[in-house]
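# Can you look at this prediction? I've put the sequence above it.
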Amino acid sequence: MKNRRTFIKQTSAAGIHSSKATFRLSKQNPFNDKKPIKMGEMTVNELQEYLKSNRTIILPYGLAEQHGYHLPLDTDIRNAEIMGARLAERIGCIVAPTLNYCFSGGMLTGTINVKPNTFSNMVGEIIESLALQGFENIIVLPGHGGSESLFHLKESLRILKWINPALKNVMLIMLPMWDYSPTWLKLFKARDYHASEAETSLIKYWTPDVVREKVVLDEPTVAEMLREDPDSYQKRTSFTGGNNEIPFTEQRANVKVGVMGYPEKATAETGKKITDEFLENAGSELKRIIAAANDARKNGSRIEIKNDGKLKILTV
């Protein structure tokens, strides 16, 4: 059909050749004027060019999880995706597609739980694939702060490097956002943990249109319990109460909303402050350690990590 515009690629033993037809990028294409930040929006040849001069990538993750009645279920995904892109711009690298599944432990409607071992294996295989392509500095950026996911993932990645010698020269970094924001850490100490002032402020700053006006909390005694101990939403029972018996764990029936802190205090200004602190502090730290890792690869130097955990078997 003569009115149909076609683009033909011909493949031969000599390689890949394009026909006389050309493909022009639209003026609206963001890659016309600036380098891409998101790996998923790049083409094969663009990524190949990137790897010639830069071997760093950010891998964000989050999940759909209960965040009260005022924040969307994808709050943790937004945390990871938006902050990951901004961090990539700050340090001059790219960001991988966000992994949208991990383990929460919450059981309210809308929470999608993936077992920690499944999640950790998935992250590990993504890392192996990225390393195979040539990435040497892989920064894992959690949008979700669940302790089970964090502890399991960090140990799983240590063992992954242990049993896969191909990863010896790959630097893996776990980068919890709160570690680089004094404001966020201060809120932790003020008993603000989940779907509360910090997270609500971030979403108000990034995407205020998705924040609902009405803030709902659990009954006062339950809300206070969750502020006092963010893991208190879990109810654990066993037959004997013995240390060696694996307990049954469930979410307490009286936890209906699951907010842990003071979301009513949230402001977009606080969200901006947390964001600015993280980008400044994490950005400068990453630039320093990436440069150090690159130097170490060239000269073959390594720093031995002392094993202070003697007789760890007795703590299991």
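Good, I have the coordinates.
# ok, residue 93 - contacts?
Counting by CB atoms under 8 Å, 6 or more residues apart in numbering, residue 93 touches 54, 56-58, 137. All C-beta spots, glycine's among them, are computed from the backbone N, C-alpha and C.
# cool, and residue 108?
The neighbourhood of residue 108, defined by CB under 8 Å, 6+ apart, consists of 66, 251, 255-258.
# Could you single out the nearest of those to residue 244?
Closest approach between the contacts of residue 108 and residue 244, by CB to CB: residue 251, at 24.4 Å.
# and that closest one, how many neighbours?
Counted with other CB atoms under 10 Å, the burial measure for residue 251 works out to 18 neighbours.
# ok, what's across the strand from it?
Listed by DSSP bridges, the beta-bridge partners for residue 251 are residue 234.
# sorry, back to before: by neighbours, which of the contacts of residue 93 wins?
residue 58 (26 neighbours).
# On the pLDDT front, check it for me.
pLDDT, the model's per-residue confidence, is 98 for residue 58.
# Hmm, it is touching residue 88, no?
Yes - between residue 58 and residue 88 there is a contact at 5.4 Å, judged by CB atoms under 8 Å.
# Overlap in contacts, the two.
In the contact map built from CB under 8 Å, 6+ apart, the residues linked to both residue 58 and residue 88 are 94-95.
# ok, residue 254 to residue 234 distance?
Going from residue 254 to residue 234 by CB to CB, to the nearest Å gives 13 Å.
# okay, these two: which has more neighbours?
residue 234 (17 against 12).
# Tell me, how many residues neighbour the closest residue to residue 192 other than its chain neighbours?
Closest residue to residue 192 in three dimensions, ignoring its sequence neighbours and counting by CB to CB, 6 or more residues apart in numbering: residue 261, at 3.5 Å. Residue 261 is flanked by 26 other residues according to other CB under 10 Å.
# same deal with the one 5 residues further on?
Look at residue 266: counted by other CB under 10 Å, it has 27 neighbours.
# now swap in the one 3 residues further on and tell me
Neighbours of residue 269 under the rule other CB under 10 Å: 11.
# contacting residues around it?
Residue 269 touches 201, 205, counting by CB under 8 Å, 6+ apart.
# wait, is it part of a strand?
No - inclusion of residue 269 in a strand is not indicated when DSSP: H, G, I helix; E, B strand; the rest coil is applied; the result is helix.
# Model confidence for it, exactly?
Looking at residue 269, the pLDDT reads 98.
# Chain neighbours aside, what residue packs nearest to residue 144?
With CB to CB, 6+ apart as the criterion, residue 144 has its nearest non-adjacent residue at 4.2 Å, and that residue is residue 76.
# and the helix or strand hosting the one you found, what does it pack onto?
Applying DSSP states H and E as the criterion places residue 76 in helix 75-91. With contacts taken as 3 or more CB pairs under 8 Å, 6 or more residues apart in numbering; DSSP states H and E, helix 75-91 sits against strand 56-61, strand 94-95, strand 137-142, helix 197-206, helix 268-299.
# could you pull out the strands for the chain?
Taking DSSP state E, the strands of the chain run over residues 9-12, 15-18, 56-61, 94-95, 137-142, 171-174, 234-237, 248-251.
# With distance to residue 300 as new columns, can those be given to me in TSV?
Written out in TSV, the entries for these read as follows (distance: least, CB to CB, whole Å):
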stretch	distance to residue 300
strand 9-12	42
strand 15-18	37
strand 56-61	20
strand 94-95	28
strand 137-142	17
strand 171-174	14
strand 234-237	46
strand 248-251	46
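# Out of those strands, which gets nearest to residue 198?
The closest approach between residue 198 and any of the strands of the chain, judged by CB to CB, belongs to strand 137-142 at 13.9 Å.
# ok, the closest one: who's next to it in the sheet?
Take DSSP bridges as the rule and strand 137-142 pairs in its sheet with strand 56-61 (parallel), strand 171-174 (parallel).
# Most tightly packed of these?
Mean neighbour count, computed with mean count of other CB atoms under 10 Å, is highest for strand 56-61 among the strands paired with strand 137-142, reaching a mean of 25.
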